[in-house]
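1. The sequence isn't on hand, but the structure is:
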DNA sequence: TCATATAATTAGAATAGTTCTAATTCCTTC
DNA sequence: GAAGGAATTAGAACTATTCTAATTATATGA
């Protein structure tokens, strides 16, 4: 049997690509991000991580999340004035922000769409990333929309 | 000659559509937004407005900007963890965020693009707005890139 | 193996941006 | 011109994030 899980391998690999170490804190933050596939804030990640590692500090959670973002293992999203949210989905996707429930949904992007959208850029603009954010309402989540919106995801 | 300028008419009209009053503060904030067509923060708007109306408060600037956003006279943009920026360009456009200079450029959208992008949404998603953000570098602004990046726009 | 250097973590202070509160002023309408 | 509601104001409060300085962990290489 393997001494490392698959996710640990991926983590180690991506980290060392950037000359960074794999640490217990980075591992647990990454694990927590993969477990519940929503869009938590740093505070929410902190709360989840604490049960597995009570000694971890909020500053470290910020550090780890920033590290994971910078080596491409997770993404960062911002909606309006809310706190930064983190996203473990690495497939090319857009975000749909449900204005009624506050929740966020990933929308898979068909291959080629990003490149196609990039063609609208005039000469001299070289985009390394394209982010697409939809805002609106959903018609399938009627049940959950009744709930008092405990938090976002 | 007209008793009101064109922009005041537009302001008055949009405001009263939402049951709101046109006030000197709202007028001056709107005017300032139209004068320099960049993407200022609330603080920057506050600074610009102060010369015309020294008694205005920062809270009022926030209030006015929110009001203008909610009646569709300006737009709001957020990049990463930076402060909210406000945009007077009402034509359908995307934003290009220059990672080297920190500046923001408006990118005109060809008609139909937004609708086309909306077609990727699965059943049940009803988007009232679509935001597109590019990030990357530009090759034409070599001169300004040398400057020590005093602020963003 | 041990010393050294560097990287990472930590707690808590500090900061920045924004919102809230309560009091005041300004309009609008009777 | 009085009453009621809307808008503004100053400053306090709040939240998210970053910074600082000290500590701990890890890797390297003598």
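-> Thanks, I have it. These figures come from a predicted structure and were not determined experimentally.
2. Check which element follows the host helix or strand of residue A:94 along the chain.
-> When elements are assigned from DSSP states H and E, residue A:94 belongs to strand A:93-98. Where DSSP H and E defines the elements, the next helix or strand beyond strand A:93-98 is strand A:104-108.
3. So is the strand holding residue A:94 next to chain B?
-> Yes: judged by C-beta under 8 Å from any C-beta of the partner chain, strand A:93-98 comes into contact with chain B through A:94, A:96. (Glycine included, C-beta is placed from N, CA and C.)
4. my guess is residue A:139 contacts residue A:100, does it?
-> No: in this structure, residue A:139 is not within contact of residue A:100 by C-beta atoms under 8 Å, at 10.3 Å.
5. Among these two, which residue is more densely surrounded?
-> The residue with more neighbours, out of residue A:139 and residue A:100, is residue A:100; 13 against 10, by other C-beta atoms under 10 Å in any protein chain shown.
6. Can you pull the phi and psi angles for that one?
-> Main-chain torsions, residue A:100, degrees, to the nearest 10: phi -90, psi -40.
7. count of neighbours near the closest residue to residue A:140 other than its chain neighbours?
-> Spatial nearest neighbour of residue A:140, excluding adjacent residues (C-beta to C-beta, 6 or more residues apart in numbering or on different chains): residue B:124 at 4.0 Å. As a burial measure, residue B:124 scores 11 neighbours (other C-beta under 10 Å).
8. How much space separates residue A:50 from chain B?
-> Distance of residue A:50 to chain B, given as C-beta to the nearest C-beta, to the nearest Å: 23 Å.
9. Can you tell me, leaving aside adjacent residues, what's nearest to the residue lying farthest from the centre of chain A?
-> Outermost residue of chain A with respect to the C-alpha centroid, by C-alpha atoms, centre = their mean, is residue A:123; its distance is 31.4 Å. Excluding the flanking residues, the one nearest residue A:123 by C-beta to C-beta, 6+ apart is residue B:140, at 7.7 Å.
10. Surely the one you found is in contact with residue A:121?
-> No: in this structure, residue B:140 is not within contact of residue A:121 by C-beta under 8 Å, at 12.0 Å.
11. Which one of those two is surrounded by more residues?
-> Neighbours per residue (other C-beta under 10 Å) separate residue B:140 from residue A:121, with residue A:121 holding more: 18 against 11.
12. what about the more buried one, which helix or strand?
-> With DSSP H and E as criterion, residue A:121 is part of no helix or strand.
13. wouldn't it be in contact with residue A:128 here?
-> No: at 11.7 Å, residue A:121 does not count as touching residue A:128 under the criterion of C-beta under 8 Å.
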